[in-house]
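>>> just to be clear, the model below is a prediction. Sequence and coordinates:
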Amino acid sequence: VLGIETSCDDTAAAVVHSDGRILGECKRTQSELNRQWGGVVPGLARDAHASAIDAVIAEALDKAEMKEEDVGAVGVTMGPGLEICLRVGFHAARARAGPARPFVVVHHLEAHVLTARQFDPTLQF
């Protein structure tokens, strides 16, 4: 699965095997931009995502030693988050999924909670 995250001020992508292993990942932070403005400015964050998204995805795939066509599914964060930032990730993910690949939207907070299962798959909530 190629996962894409743009909910606020980090642009991130990862390729994750069905057994939970992270095969490749990349993240671009907007820390310096945020520092200049004293916090997250949504329009600037959106523009930074748009500038970084293709390179972030390419680097995650490269680290996984995969090409886009090797990916079995595409997932993307769909909220909560800054809507104009989420839209960048959504469009990038949707384009990569195309008509042939499963496309999964992921609840941002639920994903945070479920990452605990990477370390303990038997964990029940």
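Thanks, I have the structure now. Model, not experiment: these values are computed from the prediction.
>>> show the contacting residues for residue 62.
If you count contacts by C-beta atoms under 8 Å, 6 or more residues apart in numbering, residue 62 has them with residue 24. Any C-beta I mention is one placed from the backbone N, CA and C, and that applies to glycine too.
>>> quick check: next helix or strand after the helix or strand where it lies?
Residue 62 is part of helix 42-63 when elements are defined by DSSP states H and E. Remark: after helix 42-63, the chain's next helix or strand is strand 74-77, criterion DSSP H and E.
>>> which stretches of this structure have low pLDDT?
The model of the chain has no residue with pLDDT under 70.
>>> what do you get if the cut-off is 90, keeping everything else the same?
Within the chain, the set of residues satisfying pLDDT under 90 comprises 19-20, 100, 111-112, 114-125.
>>> name the SS class of residue 104, please.
Using DSSP: H, G, I helix; E, B strand; the rest coil, the three-state assignment for residue 104 comes out as strand.
>>> from here on, call the first residue 499.
Will do, 499 is the new start, and the previous item becomes residue 602.
>>> quick one: contacts for it?
So residue 602 contacts 499, 571-574 (C-beta under 8 Å, 6+ apart).
>>> any idea which of the residues you listed is the one closest to residue 510?
Of all the contacts of residue 602, residue 510 sits closest to residue 574, with 10.9 Å by C-beta to C-beta.
>>> who does the closest one bridge with?
Beta-bridge partners for residue 574, by DSSP bridges, are residue 502, residue 603.
>>> surely it is in contact with residue 500?
No - between residue 574 and residue 500 there is no contact under C-beta atoms under 8 Å: 9.1 Å.
>>> who touches both of these two?
residue 591.
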